[in-house]
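[1] got a predicted structure here, sequence first:
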Amino acid sequence: MALQWTLMPFEKLSNEKLYKILQLRMEVFIVEQQCAFQDADDKDQKAHHLCAWEGDRLVAYTRILPPGVSYKEASIGRVVNSASVRGSGIGRELMKRSIDAVYQLFGKTPVRIGAQLYLKKFYESFGFVQDSDIYLEDHIEHIKMILE
């Protein structure tokens, strides 16, 4: 599967690209995970958006935030893959590229994430370590993790 990867700040996103990003996030977080939450949280405008495109279809995405927006550290959020590509290794590639993007944009700095608990081992495979108790966010168990 040949993917085109793009990383761009909010102001460079076309209306079409922004629509595809919001569509994938809603497809997975709201519909698939049956989680009613406020996705539009005024952080997208401060973020860089990492996208994996298969033709004109968005199949994987993360939001890269600078230090001081979600946490004192830089962060990676809204990590999402289309169901159609799960199990293909794109999730691993997405996280590797996301970490690289943080370092490219903000220097070699700690990275914090709020992770769904069931993905703890996945994130640990990149060097993240749990540094919070389990908490509920939108009725889903989460933990905070840090990559020093």
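    Cool, got the structure.

[2] please identify the buried residues of the helix or strand bottoming out on mean pLDDT in the chain?
    Least confident element among the helices and strands of the chain, by mean pLDDT, DSSP states H and E: strand 135-137 (a mean of 93). Neighbour counts over strand 135-137 (16 or more other Cβ atoms under 10 Å) mark no residue as buried. (C-beta placed from N, C-alpha, C; glycine too.)

[3] what pairs with it, parallel or antiparallel?
    strand 140-147 (antiparallel) (DSSP bridges).

[4] quick check: mean pLDDT across the strand it pairs with?
    The predicted model assigns strand 140-147 a mean pLDDT of 96.

[5] can you dump the C-alpha coordinates of it into CSV?
    Listed next in CSV are the C-alpha coordinates belonging to strand 140-147 (Å, rounded to 0.1, in the frame of the first residue of the first chain):
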residue,chain,number,x,y,z
ILE,A,140,-13.0,5.0,28.5
GLU,A,141,-10.0,4.1,30.8
HIS,A,142,-7.0,6.3,30.0
ILE,A,143,-3.5,6.8,31.4
LYS,A,144,-1.0,9.6,30.9
MET,A,145,2.3,8.5,29.5
ILE,A,146,5.6,10.2,28.8
LEU,A,147,8.5,9.7,26.5
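
[6] contact partners for Asp56?
    Lys20 (Cβ atoms under 8 Å, 6 or more residues apart in numbering).
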